[in-house]
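> Sharing a sequence plus its predicted fold:
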Amino acid sequence: MKSHEYADLFPMMPEMDLMRLAEDIKEKGMSDPIITLEGAILDGRNRFKACEINNITPQFKEYNGDDPLGFVVSHNLHRRHMNESQRGMVGAKLANLQKGGAGGFKTDSAIALSPPVSQKQAAEMLNIGVDSIKRSKQVLKDGIPELESMQMSGEISASSAALVSQLPKEEQRKAVSGGVAGVKDAAKKLKNTKKESADSSSPQESLKVTQSPPQTSGSDGRSKIPKWIPDDGERLWLLAKTDLDKILPSDKYREKVMNNLIKYATNRLEKNI
């Protein structure tokens, strides 16, 4: 029997837990029926599988409410102990559900998400931050299936999975082949690389190189602007070189302009203009 796409938002039980459930149903019988909607399992995929293992005919009950999605989310969150990474993946799938296409889940069910669930709404439903959903969407979009599975099982965090998903597929496979430790190590290395790159491109670091060219003085004794600084940056240059440390931390706009000025100057120096 097929599962409803709402039920598939959530992961199945681990194999050992499923076997324990099967043994419990064999000894005590089913305590709750399997809930269906339009011929698909809306809630109770694990109970259905446990019955199959024991060759037991399961009990079914058709859903008769008006909010099947809310029903599935509520039942799974109350019944399971899901960490934030798992909830993030569920939220990412939920926010994609109505779109179909790459990374989405196109539904053939007559029950449609109207209006669609936004990332913010999904985050509220699952009691997590929107950032967790955004990271998980990155994994759904660019990560290999094994990486997605590791996050969905709760083995790795959404942030680690999202970082590793930015790597080429072959490098992702290499990280996943090392298990949880392999993924965490790859994520840590990538994070450190990004940090080093950001530090080296900061205005303070760039100035160590770009502020060194000597300046010349004009006939009036004033300091002339070097030829590799654009004319419209003269006022900023003269101001910045006087007290740069005080300007950049307190004025985001000047920091942005100064950074652009540094890139412009560096480019002209490299071309020997």
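On my side now, so go ahead. Residues are numbered from 1 along each chain as shown.

> what comes up buried for stretch 176-190?
For stretch 176-190, burial by neighbour count (16 or more other C-beta atoms under 10 Å) applies to 176, 183-184, 186-187, 190. (C-beta placed from N, C-alpha, C; glycine too.)

> from those, which ones fall inside helices?
176, 183-184, 186-187, 190 (DSSP state H).

> What ranges in the stretch 51-200 of the chain fall below the confidence cut-off?
Along the stretch 51-200 of the chain, the model assigns pLDDT under 70 to residues 98-115, 198-200.

> hmm, try it at 90
Counting by pLDDT under 90, the ranges of the stretch 51-200 of the chain that qualify are 66-67, 69-70, 73-83, 94-119, 121-122, 124-127, 153, 191-200.

> Strands of that one, start to end?
60-62 (DSSP state E, counting those that start in this stretch).

> that older thread, could you dump the ones in helices among the buried residues of stretch 176-190 to TSV with distance to residue 91?
What follows is those, written out as TSV (distance: C-beta to C-beta, whole Å):
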residue	distance to residue 91
176	22
183	20
184	22
186	24
187	20
190	23
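
> show me the contacts for the closest residue in space to residue 173 that isn't next to it in sequence.
Leaving aside its sequence neighbours, residue 173 sits nearest to residue 144 (C-beta to C-beta, 6 or more residues apart in numbering; 6.3 Å). By C-beta atoms under 8 Å, 6 or more residues apart in numbering, the contact set of residue 144 is 165, 169, 172-173, 176.

> From residue 44, how far off is residue 144?
Distance from residue 144 to residue 44, counting by C-beta to C-beta, to the nearest Å: 30 Å.

> Same check on residue 14?
Residue 14 is 17 Å from residue 44, by C-beta to C-beta.

> Please identify which of the two sits among more neighbours.
Per other C-beta atoms under 10 Å, whichever of residue 14 and residue 44 has more neighbours is residue 44, with 23 against 11.

> Report the beta-bridge partners for the closest residue to the more buried one other than its chain neighbours.
Excluding its sequence neighbours, the residue lying closest to residue 44 (C-beta to C-beta, 6+ apart) is residue 34, at 3.4 Å. For residue 34, the beta-bridge partners are residue 60 (DSSP bridges).

> Show the end-to-end separation of stretch 44-61, please.
Start to finish, the residues bounding stretch 44-61 are 10 Å apart (C-alpha to C-alpha, to the nearest Å).

> And for stretch 32-49?
End to end - C-alpha to C-alpha - stretch 32-49 spans 14 Å.

> Report the mean per-residue pLDDT for it.
Mean per-residue pLDDT for stretch 32-49: 94.

> Quick check: buried residues in it?
For stretch 32-49, using 16+ other C-beta under 10 Å, the buried residues are 34-37, 40-49.

> Inside helices: which ones of these?
Per DSSP H, the subset of the buried residues of stretch 32-49 in helices is 45-49.

> Hmm, residue 5 is touching residue 97, no?
Yes: using C-beta atoms under 8 Å, residue 5 is in contact with residue 97, at 6.9 Å.

> Compare the two (neighbour count), which wins?
Shown here are residue 5 and residue 97; by other C-beta under 10 Å, residue 97 has more neighbours (22 against 19).

> Break down the protein into its helices, ranges please.
With DSSP H as the criterion, the chain has helices spanning 15-28, 45-53, 68-79, 84-96, 119-126, 130-142, 145-152, 158-164, 169-177, 179-200, 203-210, 234-250, 252-270.

> since we're on residue 58, how many residues are nearby?
Residue 58 has 18 neighbours, counted by other C-beta under 10 Å.

> Please name the residues that touch the closest residue to it other than its chain neighbours.
Spatial nearest neighbour of residue 58, excluding adjacent residues (C-beta to C-beta, 6+ apart): residue 51 at 4.2 Å. The neighbourhood of residue 51, defined by C-beta under 8 Å, 6+ apart, consists of 22, 25, 30, 57-58.

> I'd like to know which of the ones in helices among the buried residues of stretch 32-49 is nearest to residue 264.
Residue 264 has its nearest neighbour among those in residue 45, at 59.4 Å by C-beta to C-beta.

> Check the gap between the closest one and residue 6 for me.
11 Å.

> do the same with residue 182
Taking C-beta to C-beta, one finds residue 182 at 33 Å from residue 6.
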